[in-house]
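Q: need a structure here:
(one chain, ligands or ions: 1)
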Amino acid sequence: MCTGVRFADEDGNMYFGRNLDWSFSYGEKIVVTPRGYQTPVAFNATVANPKPVMGVGIIVEGMPMYFDCANDEGLAVAGLNFPGYAQYADAPVDGTVNVAAYELPFWIARSFSTVDEVEEALKNVTVVGKQVNEQYPVSFLHWIVGDGKRSIVIEAMADGIHVHHDGVDVLANQPTFDWHTENLRNYLSMDPRVPEPVKWGTQELSAWGSGSGMRGIPGDYSSPSRFVRAAYTNAHYPVQKTEESNVSRLFHTLDSAAMVDGCALMSNGQYEKTIYTSGFSAKTNTYYKNTYEDPAIKSYRMADFDLEGAQLQTAE
Ligand SMILES: C[C@H](CCC(=O)NCCS(=O)(=O)O)[C@H]1CC[C@H]2[C@@H]3[C@H](O)C[C@@H]4C[C@H](O)CC[C@]4(C)[C@H]3C[C@H](O)[C@]12C
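A: Residues are numbered from 1 along each chain as shown. Next up, the predicted model:
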């Protein structure tokens with residue numbers, strides 16, 4: 001499972017991050033694609049004025065395959081599994097911008113500055129289910145895209161591409177974003193405050209203490225439960241001022257939906273866990289990342305890489 005989240009500081013700077021929950025790593029690293037890099041293109045989705053892109057991913061035959069990424073203008077994207085619902089076109093469609101599913105996060109961060117621009121461009125996009133090569137199958141994903149103002153969720157399904165405004169700035173896995181939003185209505189009485197004492201018959205009842213107003217927030221790792229937990233945390237976390245306290249917010253919020261080894265088996269017989277957590281600060285253009293094995297958070301400043309050149313760069 002995976003969970004993604006976005007919020008802003010009091011000046012409107014975006015913080016955006018995700019948990020990558022899976023049973024193994026693909027050898028993903030921090031990958032920086034500078035402005036001048038000639039990226040291979042699956043179909044016709046060439047970018048006229050490319051922006052430098054930084055994120056977590058792997059490089060396959062010269063193609064930066066991002067799991068999540070951001071650009072220097074504060075737009076970020078993450079792909080999360082959406083099996084059973086995602087459906088892509090079998091072939092490119094004439095008259096549209098044809099983007100292979102594996103290209104989508106990169107194409108978005110490479111091309112646009114704001115969520116509004118992305119939403120507009122998606123009106124003429126076909127997401128094509130093309131493999132990058134024989135080794136890697138097509139991944140069935142949906143995507144969260146965020147900037148300093150808001151986020152959207154993109155779901156390519158049998159009846160076309162759906163773009164939803166994401167009012168809680170959270171995404172998990174299946175089912176659809178619409179379903180997750182409806183499901184939140186089950187939890188609208190959840191509240192950070194301690195409930196007042198009540199009387200049932202002659203019996204006086206009082207809360208155990210702090211946290212009692214949250215009883216009912218689901219604690220399991222299923223996608224609907226992680227969506228609810230992350231949405232509750234994101235909605236109630238006090239707005240922060242500094243870079244440190246916002247990065248702390250990001251990692252603590254994602255941690256509230258993170259998966260611990262041994263609790264949830266996947267169909268391959270291996271346990272699913274939070275392989276890595278990554279996040280982007282649009283205030284300082286810095287990527288942050290930790291892994292299950294090494295929870296110390298490392299930082300990667302865009303300014304420390306060559307953003308104008310022509311070579312892909314990676315960092316561990
Ligand atoms: C497994 C990852 C999603 C994790 C997740 O959402 N888990 C949920 C589990 S469940 O279903 O809901 O049970 C996804 C996110 C991004 C994906 C990768 C990126 O799309 C980039 C390439 C795309 C290629 O088609 C496949 C390899 C790949 C390298 C993908 C492998 C894998 O599908 C990734 C890493």
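Q: quick one: the closest residue to residue 206 other than its chain neighbours from residue 191, how far?
A: Of all residues not flanking residue 206 in the chain, residue 197 sits nearest, at 4.1 Å (Cβ to Cβ, 6 or more residues apart in numbering). From N, CA and C alone the C-beta is placed, and that goes for glycine too. Note on residue 197: its distance to residue 191, by Cβ to Cβ, to the nearest Å, is 15 Å.
Q: Residues of the stretch 151-300 of the chain that sit close to the ligand?
A: Residues of the stretch 151-300 of the chain found near the ligand (Cβ under 6 Å from any ligand atom) are 173, 223.
Q: For residue 182, grab the count of nearby residues.
A: 10 (other Cβ atoms under 10 Å).
Q: quick one, strands of the stretch 151-300 of the chain?
A: 151-157, 160-165, 170-171, 198-200, 203-205, 273-281, 286-291, 298-301 (DSSP state E, counting those that start in this stretch).
Q: Which of those sits closest to residue 100?
A: Closest approach to residue 100 among the strands of the stretch 151-300 of the chain (Cβ to Cβ): strand 151-157, 11.6 Å.
Q: List the contacts of that closest one.
A: Applying Cβ atoms under 8 Å, 6 or more residues apart in numbering, the external contacts of strand 151-157 come out as 6, 16, 82, 85-88, 101, 104, 115, 118-119, 122, 127, 142-145, 161-166, 169, 171, 176-177.
Q: Could you tell me which of these are located in helices?
A: Residues of those located in helices (DSSP state H): 104, 115, 118, 119, 177.
Q: Just send those back as TSV, with neighbour count and pLDDT too.
A: TSV is the format used below for the ones in helices among the contacts of strand 151-157 (neighbours: other Cβ atoms under 10 Å; pLDDT from 0 to 100):
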residue	neighbour count	pLDDT
104	24	98
115	24	98
118	23	98
119	17	98
177	25	98
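Q: May I see those arranged in JSON lines, with distance to residue 62 as well?
A: As requested, the ones in helices among the contacts of strand 151-157 are arranged in JSON lines below (distance: Cβ to Cβ, whole Å):
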{"residue": "104", "distance to residue 62": "18"}
{"residue": "115", "distance to residue 62": "29"}
{"residue": "118", "distance to residue 62": "25"}
{"residue": "119", "distance to residue 62": "30"}
{"residue": "177", "distance to residue 62": "33"}
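Q: mind checking how far the residue nearest to residue 206 is from residue 212?
A: Distance from residue 197 to residue 212, counting by Cβ to Cβ: 11 Å.
Q: Comparing the two, which residue is more hemmed in?
A: Legend: neighbour count by other Cβ under 10 Å for residue 197 and residue 212, higher for residue 212 (13 against 9).
Q: Could you count how many residues lie near the nearest residue to residue 300 once chain neighbours are set aside?
A: Distances taken as Cβ to Cβ, 6+ apart place residue 287 nearest to residue 300, at 4.5 Å, with adjacent residues excluded. Here the number of neighbours of residue 287 (other Cβ under 10 Å) works out to 25.
Q: same deal with residue 131?
A: 14.
Q: quick revisit: surely the residue nearest to residue 300 and residue 57 touch.
A: No - proximity of residue 287 to residue 57 does not meet the contact threshold set by Cβ atoms under 8 Å, at 11.4 Å.
Q: Among the ones in helices among the contacts of strand 151-157, which one sits closest to the ligand?
A: In terms of Cβ to the nearest ligand atom, no member of those lies closer to the ligand than residue 104, at 8.4 Å.
Q: Next to the ligand in this structure, residues from the stretch 1-150 of the chain, please.
A: Contact residues, the stretch 1-150 of the chain versus the ligand (Cβ under 6 Å from any ligand atom): 1-2, 20-22, 26, 58, 65, 67, 79-81, 83, 102, 132, 136, 138-139, 141.
Q: rerun that using 5 Å as the cut-off
A: By the rule Cβ under 5 Å from any ligand atom, the part of the stretch 1-150 of the chain lying against the ligand is 1, 2, 22, 26, 65, 67, 79, 80, 81, 102, 136, 139.
Q: In strands, which of those appear?
A: With strands taken from DSSP state E, the overlap with those comprises 2, 22, 65, 67, 79, 80, 81.
Q: Could you count how many residues lie near the third one?
A: It refers to residue 65. Counted with other Cβ under 10 Å, residue 65 comes out at 21.
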